[in-house]
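# have a look; sequence and predicted model below, questions after that.
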Amino acid sequence: MNNSQGQAYRSGRFGVLETHFGLQVMFDWNSEVKVRVPSSYTNATCGLCGNYNGDKKDDLLMPNGQKANNPTQFGNSYKVGDALGCSSECKDCAQTPPTPAPGEKPPPYVADCDVITDPKGPLGDCLGKVDYARFHGSCMFDIQLNKGLQKAACDAIAAYVEQCQDAGGQINTRRKKDFCALSCPKNSEYSTCAPGCPATCYSMSAPTGCKAACREGCQCMPGFLLSDEECVPIQECGCKHENRYYRSGQIFYTDGDCQLRCSCQSGIVACQVASCGPQEMCSVLDGVQRCHPKAYSTCSVSGHSHHLTFDKLSYDFQGACSYTLVTVSNSAALNLSWFSVFAEKEHVMVGKVSTTRSITVRVFGVSITLEKGFPWQIQVGNALTQ
């Protein structure tokens with residue numbers, strides 16, 4: 001995959017892979033996965049993320065077209081291979097959050113999750129913008145399953161904050177030295193609204209086409225740009241085309257009908273004949289004219305395998321093998337670029353639940369893997385790089 005086909009960059013705590021046709025895959029090198037596809041892929045996907053047809057009632061369709069009896073049968077129908085410790089389901093799985101016996105109070109540590117539902121708290125602005133009940137339930141489930149482990153609550157709250165900020169919500173400082181503390185690298189500082197697509201020394205500005213909202217996290221101090229995990233002094237790059245400046249890696253169109261697609265790479269502009277797809281429109285957005293998808297939809301896997309499909313069906317699946325998150329089921333007929341996203345899952349908590357261990361994206365004939373335990377590194381083919 002060359003730079004005109006897509007790019008990889010860092011956004012908050014996520015590694016992001018984006019392609020020019022609108023696919024976006026995010027992994028936090030821990031357990032959370034997000035796959036966003038444009039509306040041109042409506043009725044053209046299958047896998048654990050669902051079929052993206054606008055109807056969540058038929059999201060649990062197996063490859064044979066039949067509806068699965070339960071999430072376990074559905075998940076196993078998309079198994080693509082064995083992983084270390086692979087099993088189709090876990091024994092003695094915790095399917096619902098533990099509930100106190102009559103007259104018994106819940107453990108005090110569940111109060112860590114209350115920041116999600118507190119209307120006067122630092123996340124109060126999120127209540128009307130995000131399905132807070134789902135995130136609060138996931139937080140309660142995870143922290144009780146982990147016997148009060150604070151990190152379980154912190155991960156669930158972080159996922160909620162990101163959804164909130166994506167929806168335009170604003171947050172106040174919520175982290176403390178004794179609660180979800182965050183340590184920032186040299187030459188960077190904590191911010192409740194750090195750039196969602198931070199400038200790097202490779203592009204001098206945000207990655208091309210990135211529209212991500214600001215993220216809670218670390219940002220480089222003035223005078224520094226991000227390089228791998230370090231903030232370093234500024235360098236420059238970019239292109240000028242027809243008296244206009246374009247960022248390195250940026251894709252743009254020079255005519256009114258989006259018939260000529262151009263890209264800027266290392267100071268050189270290259271153009272080729274193109275056209276917008278059936279679910280795209282040619283318009284000016286953020287001062288740049290190009291083909292834009294009419295809409296996007298995101299599938300996610302968070303915490304202990306809490307799945308949310310493109311059509312917003314929520315389910316839990318605790319299998320621990322390698323699975324198809326999404327693949328293109330009708331690329332040729334719709335003239336779409338083909339891709340697949342696979343998730344390798346592993347059991348934790350003595351086999352009670354599973355979590356994502358690695359994500360592999362296959363696109364443009366290249367296999368790209370992000371694996372738990374190797375933060376800020378990606379494997380392209382057999383080569384590991386930062």
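Cool, the structure landed. Residues are numbered from 1 along each chain as shown.

# strands of the stretch 251-386 of the chain, residue ranges please.
251-253, 260-265, 268-273, 280-285, 288-293, 296-302, 306-308, 314-316, 322-328, 339-348, 353-363, 366-371, 378-380, 383-385 (DSSP state E, counting those that start in this stretch).

# quick one: those strands as TSV, columns for distance to residue 206 too.
Yep, even glycine has a C-beta here, placed from its N, CA and C like the rest. Output for the strands of the stretch 251-386 of the chain, formatted as TSV (distance: least, Cβ to Cβ, whole Å):
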stretch	distance to residue 206
strand 251-253	14
strand 260-265	14
strand 268-273	19
strand 280-285	14
strand 288-293	13
strand 296-302	18
strand 306-308	27
strand 314-316	32
strand 322-328	26
strand 339-348	23
strand 353-363	21
strand 366-371	21
strand 378-380	19
strand 383-385	21
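
# go through these and name the closest to residue 29.
strand 366-371 (6.3 Å; Cβ to Cβ).

# same list (the strands of the stretch 251-386 of the chain) but as JSON lines, adding mean neighbour count and distance to residue 134.
As requested, those are exported to JSON lines (neighbours: other Cβ atoms under 10 Å; distance: least, Cβ to Cβ, whole Å):
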{"stretch": "strand 251-253", "mean neighbour count": "21", "distance to residue 134": "35"}
{"stretch": "strand 260-265", "mean neighbour count": "20", "distance to residue 134": "39"}
{"stretch": "strand 268-273", "mean neighbour count": "11", "distance to residue 134": "43"}
{"stretch": "strand 280-285", "mean neighbour count": "14", "distance to residue 134": "30"}
{"stretch": "strand 288-293", "mean neighbour count": "19", "distance to residue 134": "25"}
{"stretch": "strand 296-302", "mean neighbour count": "22", "distance to residue 134": "10"}
{"stretch": "strand 306-308", "mean neighbour count": "22", "distance to residue 134": "8"}
{"stretch": "strand 314-316", "mean neighbour count": "18", "distance to residue 134": "6"}
{"stretch": "strand 322-328", "mean neighbour count": "22", "distance to residue 134": "19"}
{"stretch": "strand 339-348", "mean neighbour count": "22", "distance to residue 134": "20"}
{"stretch": "strand 353-363", "mean neighbour count": "23", "distance to residue 134": "17"}
{"stretch": "strand 366-371", "mean neighbour count": "19", "distance to residue 134": "25"}
{"stretch": "strand 378-380", "mean neighbour count": "16", "distance to residue 134": "30"}
{"stretch": "strand 383-385", "mean neighbour count": "9", "distance to residue 134": "35"}
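
# adding mean pLDDT and distance to residue 175, write these out as a markdown table.
Below are the strands of the stretch 251-386 of the chain laid out as a markdown table (pLDDT from 0 to 100; distance: least, Cβ to Cβ, whole Å):
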| stretch | mean pLDDT | distance to residue 175 |
| --- | --- | --- |
| strand 251-253 | 82 | 36 |
| strand 260-265 | 83 | 38 |
| strand 268-273 | 87 | 43 |
| strand 280-285 | 84 | 34 |
| strand 288-293 | 79 | 35 |
| strand 296-302 | 93 | 19 |
| strand 306-308 | 93 | 23 |
| strand 314-316 | 93 | 27 |
| strand 322-328 | 94 | 30 |
| strand 339-348 | 92 | 25 |
| strand 353-363 | 92 | 23 |
| strand 366-371 | 92 | 25 |
| strand 378-380 | 89 | 28 |
| strand 383-385 | 74 | 31 |
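
# how about the ones you listed, which one is nearest residue 166?
Once those are compared by Cβ to Cβ, strand 296-302 is nearest, at 8.6 Å.

# can I get the lengthiest helix in the chain in PDB, CA atoms only?
In the chain, with assignment by DSSP state H, the single longest helix is helix 150-166. Provided in PDB are the C-alpha atoms of helix 150-166 (Å, rounded to 0.1, in the frame of the first residue of the first chain):
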ATOM      1  CA  GLN A 150      -9.200   0.300  38.600                       C
ATOM      2  CA  LYS A 151      -7.700  -0.100  35.100                       C
ATOM      3  CA  ALA A 152     -10.900  -2.000  34.100                       C
ATOM      4  CA  ALA A 153     -13.000   1.100  34.900                       C
ATOM      5  CA  CYS A 154     -10.400   3.500  33.400                       C
ATOM      6  CA  ASP A 155     -10.500   1.700  30.100                       C
ATOM      7  CA  ALA A 156     -14.300   1.700  30.000                       C
ATOM      8  CA  ILE A 157     -14.400   5.400  30.900                       C
ATOM      9  CA  ALA A 158     -11.800   6.300  28.300                       C
ATOM     10  CA  ALA A 159     -13.900   4.600  25.600                       C
ATOM     11  CA  TYR A 160     -16.900   6.600  26.800                       C
ATOM     12  CA  VAL A 161     -14.900   9.900  26.700                       C
ATOM     13  CA  GLU A 162     -13.800   9.100  23.100                       C
ATOM     14  CA  GLN A 163     -17.300   8.500  21.900                       C
ATOM     15  CA  CYS A 164     -18.400  11.700  23.700                       C
ATOM     16  CA  GLN A 165     -15.800  13.800  22.000                       C
ATOM     17  CA  ASP A 166     -16.500  12.200  18.600                       C
END
